[in-house]
Each structure stands twice: as C-alpha cells, then as structure tokens.
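Participant: Using only what follows, build the 3D model:
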Amino acid sequence: MTDELRGLLRESTEAHLPDRARMLARVERGMARPSTAGRLRDRQRAGALTWPKTVLATLATAGTLTVSALVVVAVVHTPDPPRNPPAATPSAVGRATSPTEGSRTEDGPLWADGSVDPHSNAYWAQSNVTLKTRTPLTALVVELRIALTDGVKDTGSWRTLPAADFDLSAREEGGFLVYRWTLKPGRIVPSGEHVFAGQYDHAAGGRDAKDDTYRIDAAGAAESGAAVWGGFA
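Facilitator: Alright, predicted model coming up:
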C-alpha cells in the first residue's frame, strides 16, 4: 500500500468519527435539565408547601371579617327606645302620676276640683281648676288640658294669684289645648283657695267636656310633693 493510499484511508476514517466535544456538550445540557418526573415531584412538593399557607391565609381573612362584622353590629345596633316613655314632670315637684288614671281630688294638704264655668255659652267656654291648700306652697304646677273638639281655639286665661308669680304656656299637644302655670323659683303660694282658668272658642252648640282633664303638682317648704287630678263635669 502506497503512502498516498494510506493518506486517503485516514482521511475517510476521520470523517466518520463522532465530534467528541459536541457530544459532551449535549450530555451536559441533558444533565442540567430536570426530568419530567423530577419536575412533577417538584410541583407536588411546592403544592404541599403552598396548601397550608393558603388555608391559614383564608382562615385569617375569615376571622378578620367575622370580627369586623361583630364590631359593626355592636356599633350600629342600639337598644330600641321605649314605646311609651313616661311623661316628664316638673323637677321642682318630682311627681309622675298621669291625670288619666282616674280622679284623685285630695292628697296631703291639697284639694282640687274641675268645672266648666256657668257663664260659658254656645260658642265660647271657660274651664276652672279650683285649688285649696292648707299650707303654703313653694313649688306648684297647674295643668289644664282641653280636648281639641271642633272649633276649639285658645282665647286667653287667668288666675286669682299674681300673674308675675307664674310662667304661663298655652299650646296644642297630642290632641289637647294645654294651659300650664308654673310657679317661679322663690315665689310662694299662700294657704287658701285659688282658681286657674282657661278660655277657648268652640263649634256652635253644646260642647262635651268629658275628655278634658286637670292636674296639680305641688310641694311645701317642709313637705314632700303632693298631686291631685281629675276631670270636668
């Protein structure tokens, strides 16, 4: 075999030998890439680690919402007001008995009576509240309530005691024309008989006073409060 032939054979053999450097690079890339099974196991482990965190975060959020709801309910909900709150009574007297509970014309030193004045007529009337007290009074409230029947309208009022000793109000309240005389602080009502009167127009004809009422609350310097009330004949 000539030298030329040997050279040709060597060249042909080398052309069919694998590129060793390229093969090593492919193997290294394959080893660096995780297998499908490995990737699956990694995802399963990640899911196993993430699940408790997700549950805890959900529970924490639910707990926060529950506490917030309880706080909102506690703040918004307030006790319902009483359906029929008691009527306020003058602080100077301190009694709380309703005049609609029947009649009580005597209590302690007090006696009272209600009547329609005989001078009333077919278009106008006067209702009198007569008070008798056996002791001087340092606190006194007289209330006259005229039911608002047809045409009832305030036309005035008077009392036998000095006008300067009392604060007077006359206004419509809850279906009544209400006159209220309140003794001013430092004034005294002497023992004896006193009259308080309210005057008003009404519809033509006779007027029924069955729903009219009066109430008197009083107290003396050395006595506890007393109250009398009733209606009109």
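Participant: Let me know how buried residue 186 is, in neighbour terms.
Facilitator: Residue 186 is surrounded by 7 other residues when neighbours are defined as other Cβ atoms under 10 Å. (Glycine included, C-beta is placed from N, CA and C.)
Participant: So what does it look like in phi/psi?
Facilitator: Comment: the main-chain dihedrals of residue 186 come out as phi 90, psi -10, following degrees, to the nearest 10.
Participant: and the gap between it and residue 197?
Facilitator: From residue 186 across to residue 197, the span is 25 Å (Cβ to Cβ, to the nearest Å).
Participant: Next: residue 166.
Facilitator: In this structure, residue 166 lies at 13 Å from residue 197, with Cβ to Cβ as the measure.
Participant: Now the common contact residues for those two.
Facilitator: The contact sets of residue 166 and residue 197 overlap at residue 159 (Cβ atoms under 8 Å, 6 or more residues apart in numbering).
Participant: quick one: contacts for residue 196?
Facilitator: When the contact criterion is Cβ under 8 Å, 6+ apart, the partners of residue 196 are 128-129, 131, 142, 144, 157-160, 179, 181.
Participant: I'd like these laid out as TSV, including distance to residue 212.
Facilitator: As requested, the contacts of residue 196 are exported to TSV (distance: Cβ to Cβ, whole Å):
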residue	distance to residue 212
128	11
129	10
131	16
142	14
144	8
157	14
158	17
159	17
160	20
179	11
181	16
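Participant: Looking at residue 223 now. What's its pLDDT?
Facilitator: According to the per-residue confidence, residue 223 scores 72 in pLDDT.
Participant: Oops, could you answer that again for residue 19 instead?
Facilitator: Residue 19 carries a pLDDT value of 53.
Participant: What distance do you get for the residue nearest to residue 124 when sequence neighbours are not counted to residue 208?
Facilitator: Once flanking residues are discounted, residue 124 sits nearest to residue 201: 5.4 Å by Cβ to Cβ, 6 or more residues apart in numbering. In this structure, residue 201 and residue 208 are 16 Å apart, going by Cβ to Cβ.
Participant: helices or strands next to the helix or strand hosting residue 228 in the packing?
Facilitator: Residue 228 is part of strand 226-231 when elements are defined by DSSP states H and E. When contacts are defined as 3 or more Cβ pairs under 8 Å, 6 or more residues apart in numbering; DSSP states H and E, strand 226-231 packs onto strand 106-107, strand 110-116, strand 213-219.
Participant: The same query, at a cut-off of 10 Å, please.
Facilitator: strand 106-107, strand 110-116, strand 124-133, strand 139-147, strand 213-219 (3 or more Cβ pairs under 10 Å, 6 or more residues apart in numbering; DSSP states H and E).
Participant: Same list, those strands, but as JSON lines with distance to residue 228 please.
Facilitator: Rendered in JSON lines, the data for those read as follows (distance: least, Cβ to Cβ, whole Å):
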{"stretch": "strand 106-107", "distance to residue 228": "5"}
{"stretch": "strand 110-116", "distance to residue 228": "4"}
{"stretch": "strand 124-133", "distance to residue 228": "8"}
{"stretch": "strand 139-147", "distance to residue 228": "10"}
{"stretch": "strand 213-219", "distance to residue 228": "5"}
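Participant: Go through the ones you listed and name the closest to residue 230.
Facilitator: Distances from residue 230 to each of those were compared using Cβ to Cβ; the shortest belongs to strand 110-116, at 5.4 Å.
Participant: Flag the shaky bits of the chain, pLDDT-wise.
Facilitator: For the chain, the stretches with pLDDT under 70 are 1-101.
Participant: Okay, and the beta partners of the closest residue to residue 103 other than its chain neighbours?
Facilitator: Nearest residue to residue 103, sequence neighbours excluded (Cβ to Cβ, 6+ apart): residue 230, at 3.8 Å. Beta bridges link residue 230 to residue 214, judged by DSSP bridges.
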